[in-house]
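Enquirer: Fold the stuff below for me.
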Amino acid sequence: MSKSEQSWFTEAHESSGSSIGFRTHARLHSEQTPFQSIEIYDSTDWGKLMVIDGCMMLTTRDNFFYHEMMSHPALFTHPRAKRVVIIGGGDCGTLREVLRHEVVESAVQVEIDERVTRLAEQYFPELCEANSDPRAQLLFDDGIKYMAECEPDSVDVVIVDSTDPVGPAEGLFNAAFYTSCFKALRSGGIFVQQSESPLAHLGLIKSMRSALRTAGFQAVRTLTFPQPCYPTGWWSATLARKGADLSGFRERGAQTKQFDTRYYNAEIHKAALSLPEFMREELGE
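Expert: Next up, the predicted model:
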């Protein structure tokens with residue numbers, strides 16, 4: 001490919017004073033849905049890119065970091081997670097990882113924008129391999145409303161796989177929503193939510209953890225992991241538990257898991273439970 005045929009998709013991140021760019025050779029799709037704008041690019045080195053409202057959502061090359069860390073730490077901490085609810089997650093990568101666990105009997109994905117899923121099926125089919133699993137249920141609805149109406153003590157794990165806390169996802173980052181999730185979870189149930197970059201959004205992580213405790217969660221932990229395509233290249237997931245702690249996990253189960261992963265393993269899980277000094281000081285751990 002000649003240089004004249006190349007272009008770059010660049011996302012400027014104002015709050016961190018940085019940007020990230022990907023060399024592309026085609027924009028494959030662009031549309032405005034009732035909720036947001038969605039673009040799909042074909043890159044020279046990172047596979048397909050999905051961009052929502054100008055923000056990088058995922059690439060073919062590095063999405064495994066995020067999807068594995070949004071699912072396996074929670075599922076290997078819970079003793080037997082039979083019913084899982086995913087709020088958001090329209091690209092279906094987290095759903096795929098959840099359904100690698102044979103103990104899961106039901107996984108409901110509640111995504112507000114059906115077009116995210118339909119475009120993932122077209123351009124990221126490998127992420128949608130579990131969509132036809134009989135245990136999977138794809139709902140295209142408001143996740144806040146779904147959790148508010150969820151039957152109490154009926155869910156083992158709630159995973160909030162959302163975009164940044166603006167637009168359609170803004171209402172997923174507050175004590176009112178966390179209270180709905182707390183009520184829906186059974187005793188010992190686990191809540192996990194993507195919690196942005198520790199370098200750029202530590203204030204958000206602190207406010208999330210405070211709101212989770214206000215909602216009734218006794219144990220809250222933040223795990224970090226690399227995510228090259230997101231601002232600063234470093235991301236996090238915050239876990240909370242109803243009526244139990246988060247200090248341990250089923251290490252033997254993680255060591256002998258019957259499926260392949262590219263990032264997650266028992267040692268990674270243990271390491272992710274340890275925070276760097278600046279985060280420990282700020283978060284009070």
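
Enquirer: where exactly do the strands run in this protein?
Expert: Taking DSSP state E, the strands of the chain run over residues 7-13, 18-32, 37-43, 48-52, 55-59, 83-88, 106-110, 136-139, 155-161, 185-194, 219-226, 234-241.

Enquirer: you'd agree Thr238 is up against Ile190?
Expert: No: taking CB atoms under 8 Å as the definition, Thr238 is not a contact partner of Ile190, at 11.1 Å. In short, each C-beta sits where N, CA and C put it, glycine included.

Enquirer: which of these two has more neighbours?
Expert: Using other CB atoms under 10 Å as the criterion, Thr238 and Ile190 rank with Ile190 on top: 26 against 21.

Enquirer: Now do the same contact list for the more buried one.
Expert: Contacts for Ile190 (CB atoms under 8 Å, 6 or more residues apart in numbering) come out as 74, 77-78, 81, 156-158, 239-242, 246.

Enquirer: residues near the residue nearest to Ala211 when sequence neighbours are not counted, how many?
Expert: Once flanking residues are discounted, Ala211 sits nearest to Ala175: 4.1 Å by CB to CB, 6 or more residues apart in numbering. Ala175 is flanked by 17 other residues according to other CB under 10 Å.

Enquirer: what does the one 3 residues further on give?
Expert: Neighbouring residues of Tyr178 were enumerated by other CB under 10 Å; the total is 25.

Enquirer: List the residues that contact it.
Expert: Tyr178 touches 191, 211-212, 214-215, 217, 240, counting by CB under 8 Å, 6+ apart.

Enquirer: again, but for Ser247
Expert: Contact analysis of Ser247 by CB under 8 Å, 6+ apart lists 219, 273.

Enquirer: Could you rerun that using 10 Å?
Expert: Listed by CB atoms under 10 Å, 6 or more residues apart in numbering, the contact partners of Ser247 are 77, 219, 221, 273.

Enquirer: Roughly how far does it sit from Thr77?
Expert: Ser247 sits 10 Å away from Thr77, going by CB to CB, to the nearest Å.

Enquirer: Which neighbours do the two have in common?
Expert: Common contacts of Ser247 and Thr77 (CB under 10 Å, 6+ apart): 221, 273.

Enquirer: Was I right to think the residue nearest to Ala211 contacts Thr214?
Expert: Yes: look at Ala175 against Thr214 with CB atoms under 10 Å: they come within range, at 4.6 Å.

Enquirer: and for those two, which residues touch both?
Expert: With CB under 10 Å, 6+ apart as the test, Ala175 and Thr214 both reach Phe182.

Enquirer: Could you list the buried residues of stretch 54-63?
Expert: Along stretch 54-63, these residues count as buried under the neighbour rule (16 or more other CB atoms under 10 Å): 55-60, 62-63.

Enquirer: and what of stretch 109-126?
Expert: 109-117, 119-120, 123-124.

Enquirer: One more: stretch 206-223?
Expert: For stretch 206-223, a neighbour-count test (16+ other CB under 10 Å) marks 206, 208-209, 211-212, 215-217, 219-223 as buried.

Enquirer: got a list of what Glu151 touches?
Expert: Glu151 touches 183-184, counting by CB under 10 Å, 6+ apart.

Enquirer: where are the low-confidence patches of the chain?
Expert: Scanning the chain for pLDDT under 70 picks out 1-5, 163-173.

Enquirer: From Ala12, how far out is the residue positioned nearest the centre of it?
Expert: Residue closest to the mean C-alpha point of the chain, counted by CA atoms, centre = their mean, is Asp161 at 3.5 Å. For Asp161, the distance to Ala12 equals 24 Å [CB to CB].
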